[in-house]
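S.K.: Structure here, sequence nowhere to be found:
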């Protein structure tokens with residue numbers, strides 16, 4: 001008799017052989033010899049520790065579990081206890097099933113391929129509805145840029161008291177979205193939250209009329225403002241888009257494009273400035289720069305934003321090139337892995353992510369930042385990606401490479417960023433951000449089970 005798990009009632013001992021099946025050669029209660037084609041294993045039961053121990057035999061790992069030799073418990077009780085530790089009693093109340101796999105009808109050889117085909121077909125249809133793909137299953141990120149002018153627009157000065165009381169602009173951001181996160185990080189580092197109010201959207205596709213974002217209850221500050229239309233404060237993000245396009249839509253017509261965030265709106269005119277994260281970051285940085293120049297506070301160290309320029313003049317091209325490179329390899333590479341609908345599409349994306357991780361780790365071995373000698377917009381874009389890599393992208397998107405802690409230079413870089421700019425830690429709720437991928441992208445997680453996700457502070461501490 002060949003066994004992988006053996007019970008010897010003579011001594012009340014059990015053990016598990018993890019490296020193949022062994023055959024007992026005798027029934028000696030004090031010692032036992034087991035053989036298979038690869039090796040021979042001899043166990044002396046009298047020498048076992050009370051709670052078992054791990055032994056090695058010729059490279060084979062064997063886990064031994066034994067009862068205390070001095071224990072007077074009878075053998076039947078020991079056997080029962082051992083069984084109950086491995087198996088559970090069948091519940092009296094359990095989910096109803098058809099019992100197809102146990103009944104044998106239809107035959108398994110027919111059932112399994114049919115179920116696989118139907119499941120895969122439905123999944124691919126849902127994936128194609130969610131995002132755009134090419135004919136080989138590669139995820140294609142479309143531009144849904146909206147606004148009066150795609151060119152960056154300068155933000156007006158907010159030095160006048162009436163502008164401060166009634167802000168001209170409003171930002172719509174969602175915590176789970178990395179493109180929103182990068183914008184929120186800019187707002188935090190440049191200390192602009194009081195001048196440009198932020199509406200934090202809620203991701204709830206079941207309540208949204210279109211897309212996945214709904215608006216929270218208006219803040220007291222919003223309600224006190226006289227220049228904000230109600231459509232910009234209540235409902236969902238689709239309603240904001242409909243209102244901003246009211247002049248070009250026919251009566252009763254709704255905006256047909258995708259309703260994406262981040263979104264920067266001029267609340268005085270009720271028009272969209274832009275919904276492109278890179279443009280919003282440029283606009284905010286230019287605004288902060290002009291504000292410092294107007295106030296003559298370049299040397300003012302009383303503000304956390306003093307002297308912070310995330311896009312220094314003369315370095316624009318270098319930053320745009322870095323943004324393009326890390327976007328292709330890592331930031332969008334993770335999404336290309338997750339939304340791939342063919343093996344070739346996934347393999348290409350996974351190779352890019354692995355390449356990006358290695359290149360970034362190598363670069364940060366001799367550089368404190370991704371571009372230049374100070375923090376820049378590129379670092380904030382990267383921070384939004386890196387905080388989602390471990391607990392969202394590597395799991396639900398199957399993005400390869402392992403944990404960030406496995407890349408010591410990237411890990412040190414993240415710790416340095418939050419040490420120098422601790423306000424970054426307050427720019428993301430990591431359990432909510434990463435958990436949203438599991439809750440909302442049900443076509444990638446049919447069970448909607450959300451794994452354990454630490455806070456951003458816990459995550460950084462573990463790097």
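M.R.: Alright, I've got the coordinates. The shown structure was predicted, so the numbers you read here are calculated from the model rather than taken from an experiment.
S.K.: C-alpha from now on. contacts and neighbour counts both.
M.R.: Will do.
S.K.: other SSEs contacting the longest helix seen in the chain?
M.R.: As assigned by DSSP state H, the longest helix anywhere in the chain is helix 108-130. If contacts are counted by 3 or more Cα pairs under 8 Å, 6 or more residues apart in numbering; DSSP states H and E, helix 108-130 sits against no helix or strand.
S.K.: So what are the sheet partners of the helix or strand just after it and their directions?
M.R.: Counting by DSSP states H and E, the element after helix 108-130 in chain order, helix or strand, is strand 132-133. Here strand 132-133 is paired, per DSSP bridges, with strand 139-140 (antiparallel).
S.K.: any idea how far the partner strand is from the chain center?
M.R.: Centroid separation between strand 139-140 and its chain, computed with Cα atoms, centre = their mean, to the nearest Å, is 18 Å.
S.K.: again, but for stretch 233-241
M.R.: Averaging C-alpha positions (Cα atoms, centre = their mean) puts stretch 233-241 26 Å from its chain's average.
S.K.: Then stretch 409-418?
M.R.: 18 Å.
S.K.: Please apply the same query to stretch 349-358.
M.R.: How far stretch 349-358 lies from its chain's middle: 17 Å, per Cα atoms, centre = their mean.
S.K.: How about stretch 382-397?
M.R.: With Cα atoms, centre = their mean as the basis, stretch 382-397 stands 4 Å off its chain's centre.
S.K.: Now the terminal residues of it, how far apart.
M.R.: 18 Å (Cα to Cα, to the nearest Å).
S.K.: same deal with stretch 397-415?
M.R.: 25 Å.
S.K.: what does stretch 231-242 give?
M.R.: With Cα to Cα as the measure, stretch 231-242 spans 9 Å from end to end.
S.K.: from the middle of its chain, how far away would that stretch be?
M.R.: On the basis of Cα atoms, centre = their mean, stretch 231-242 sits 27 Å off its chain's mean C-alpha point.
S.K.: next one: stretch 186-201
M.R.: The answer for stretch 186-201 is 23 Å, by Cα atoms, centre = their mean.
S.K.: Give the rounded mean pLDDT of it.
M.R.: Mean pLDDT, computed over stretch 186-201, is 94.
S.K.: do the same with stretch 321-332
M.R.: For stretch 321-332, the per-residue pLDDT averages 98.
S.K.: quick one: contacts of that stretch?
M.R.: 333, 349, 352, 353, 355, 356, 357, 370, 371, 378, 382, 385 (Cα atoms under 8 Å, 6 or more residues apart in numbering).
S.K.: what's near enough to touch residue 374?
M.R.: Counting by Cα under 8 Å, 6+ apart, residue 374 touches residue 368.
S.K.: before we move on, back to that, select, from the contacts of stretch 321-332, the two members most distant in space.
M.R.: In terms of Cα to Cα, these reach their longest pairwise distance at 349 and 371, which sit 24.0 Å apart.
S.K.: Neighbour count: these two, which is higher?
M.R.: Counted by other Cα atoms under 10 Å, residue 349 and residue 371 do not tie: residue 349 has more neighbours, with 28 against 19.
S.K.: about what we covered before: show me which residues of the longest helix of the chain are buried.
M.R.: Buried residues in helix 108-130, counting neighbours by 16 or more other Cα atoms under 10 Å, are found at 123, 124, 127, 128.
S.K.: need the residues you listed in a markdown table with pLDDT, can you?
M.R.: Listed next are the buried residues of helix 108-130 as a markdown table, based on pLDDT from 0 to 100:
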| residue | pLDDT |
| --- | --- |
| 123 | 91 |
| 124 | 91 |
| 127 | 92 |
| 128 | 91 |
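S.K.: which one of those sits closest to residue 362?
M.R.: Residue 362 lies nearest to residue 127 out of the buried residues of helix 108-130, by Cα to Cα, at 35.0 Å.
S.K.: Residue 342 is in contact with the closest one, correct?
M.R.: No - judged on Cα atoms under 8 Å, residue 127 makes no contact with residue 342 at a distance of 11.4 Å.
S.K.: pLDDT (mean, whole number) over stretch 285-296?
M.R.: pLDDT averaged over stretch 285-296 gives 85.
S.K.: Report the distance from that stretch to the chain centre.
M.R.: The chain centre lies 35 Å from the centre of stretch 285-296; the measure is Cα atoms, centre = their mean.
S.K.: what does stretch 193-205 give?
M.R.: In terms of Cα atoms, centre = their mean, the centre of stretch 193-205 is set 20 Å apart from its chain centre.
S.K.: From one end of that stretch to the other, what's the distance?
M.R.: 27 Å.
S.K.: So for that stretch, what gets flagged as buried?
M.R.: Across stretch 193-205, burial judged by 16+ other Cα under 10 Å covers 195, 196, 197, 198, 199, 200, 201, 202, 203, 204.
S.K.: Strands of this protein, residue ranges please.
M.R.: Listed in chain order, the strands of the chain (DSSP state E) span 5-8, 13-17, 23-24, 31-35, 40-44, 53-57, 60-65, 132-133, 139-140, 169-174, 198-203, 213-214, 263-266, 271-274.
S.K.: looking at the ones you listed, which one has the lowest mean pLDDT?
M.R.: Mean pLDDT is lowest for strand 5-8 among the strands of the chain, at a mean of 39.
S.K.: Point out where the stretch 351-463 of the chain drops to low pLDDT.
M.R.: Within the stretch 351-463 of the chain, no range satisfies pLDDT under 70.
S.K.: What segments of it are helices?
M.R.: 377-388, 408-420, 430-440, 456-461 (DSSP state H, counting those that start in this stretch).
S.K.: same thing with the stretch 201-350 of the chain?
M.R.: Under DSSP H, counting those that start in this stretch, the stretch 201-350 of the chain gives helices at 220-224, 237-244, 277-295, 316-326, 333-338, 343-363.
S.K.: If you count neighbours, what's buried in the fourth one?
M.R.: Counting neighbours by 16+ other Cα under 10 Å, one finds that the buried residues in helix 316-326 are 319, 323, 326.
S.K.: The first one too?
M.R.: When neighbours are counted by 16+ other Cα under 10 Å, the buried residues of helix 220-224 are found to be residue 222.
S.K.: One more: stretch 433-446?
M.R.: 433, 434, 435, 436, 437, 438, 439, 440, 443, 444.
S.K.: on that earlier part again, including distance to residue 457, could the buried residues of helix 316-326 go into CSV?
M.R.: Below are the buried residues of helix 316-326 laid out as CSV (distance: Cα to Cα, whole Å):
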residue, distance to residue 457
319, 28
323, 26
326, 24
